[in-house]
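Visitor: how would this look folded up:
(chains A and B)
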Amino acid sequence: NAGVTQTPKFQVLKTGQSMTLQCAQDMNHNSMYWYRQDPGMGLRLIYYSASEGTTDKGEVPNGYNVSRLNKREFSLRLESAAPSQTSVYFCASSETRLAGGQDTQYFGPGTRLTVL
Amino acid sequence: AQSVTQLGSHVSVSEGALVLLRCNYSSSVPPYLFWYVQYPNQGLQLLLKYTTGATLVKGINGFEAEFKKSETSFHLTKPSAHMSDAAEYFCAVSVGTGFQKLVFGTGTRLLVSP
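Guide: Numbering: from 1, shown residues only, chains lettered A, B, ... in the order given. You can find the predicted model right below:
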């Protein structure tokens, strides 16, 4: 049982390049999330998928797109990377039995992205 | 709008001393509250959470937190710090109508000295 896995672990991009961050969970969870973590700012929600087939914007969606490929996988795409997107990106998942408020989120190990 | 305030970006304690990490929230409805811990170069993991019922919540590794509605607080405590407790701690609150999402505080880094 691997939990939440993310690839790659590290990535360096040049401004304007594109890339996709991959996330998969093996806990049969309904909901998945993408966060970014920046020093002194905690975690901020980029996009989430409440259930398979749905995606919605979070607090900081600009410059990103997501795809909920199936129940297990939720990818985050940067179409044209900018230095402001240098951050650590975390994927998380939760079971979501009701409206999601009480559910524990399980986090992946993160992807450290640097945009030059 | 719901939000979370964590007082002190860094807290230093000696091994064996009391750990107290502060968290205050703002919410227009009874909140669900969480504490997560992040060890260096790892993702976050749940320490404990308050949903309903008993206001004193016990978590892993000897941590506990008390929900105080009158003070809008959910402070995290541990009677005796261990070197392995050195990490960053995040308080979070569930927000929103319909599907609820987490809003995180800015985090408190706990430093434990011998």
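Visitor: Show me the residue at the heart of chain A, geometrically.
Guide: Among the residues of chain A, the one closest to the centroid is A:Trp34, at 2.4 Å (Cα atoms, centre = their mean).
Visitor: A:Phe107 versus that residue, what's the distance?
Guide: Distance, A:Trp34 to A:Phe107, using Cβ to Cβ, to the nearest Å: 11 Å. Bear in mind the C-beta positions are built from the backbone N, C-alpha and C, glycine included.
Visitor: Which residues are in contact with each of the two?
Guide: The contact sets of A:Trp34 and A:Phe107 overlap at A:90-91 (Cβ atoms under 8 Å, 6 or more residues apart in numbering or on different chains).
Visitor: quick revisit: the residue nearest to the centre of chain A: helix or strand, and which one exactly?
Guide: strand A:31-38 (DSSP states H and E).
Visitor: And the strands in chain A?
Guide: Using DSSP state E, the strands of chain A run over A:4-7, A:10-13, A:19-25, A:31-38, A:42-49, A:56-57, A:64-68, A:74-78, A:87-94, A:106-107, A:111-115.
Visitor: tell me, how many neighbours does A:Ser84 end up with?
Guide: By other Cβ atoms under 10 Å in any protein chain shown, 10 other residues sit near A:Ser84.
Visitor: list the contacts for it?
Guide: Going by Cβ under 8 Å, 6+ apart, A:Ser84 touches A:63, A:115.
Visitor: B:Ser80 now?
Guide: B:16-18, B:62.
Visitor: my hunch is that it is in a strand, does that hold up?
Guide: No: membership of B:Ser80 in a strand is not supported by DSSP: H, G, I helix; E, B strand; the rest coil, which gives coil.
Visitor: ok, it to chain A distance?
Guide: 26 Å (Cβ to the nearest Cβ, to the nearest Å).
Visitor: List, one by one, the residues from chain A near chain B.
Guide: A:4, A:31, A:33, A:40-45, A:48, A:50, A:56, A:58, A:90, A:92, A:96, A:99-102, A:104-110 (Cβ under 8 Å from any Cβ of the partner chain).
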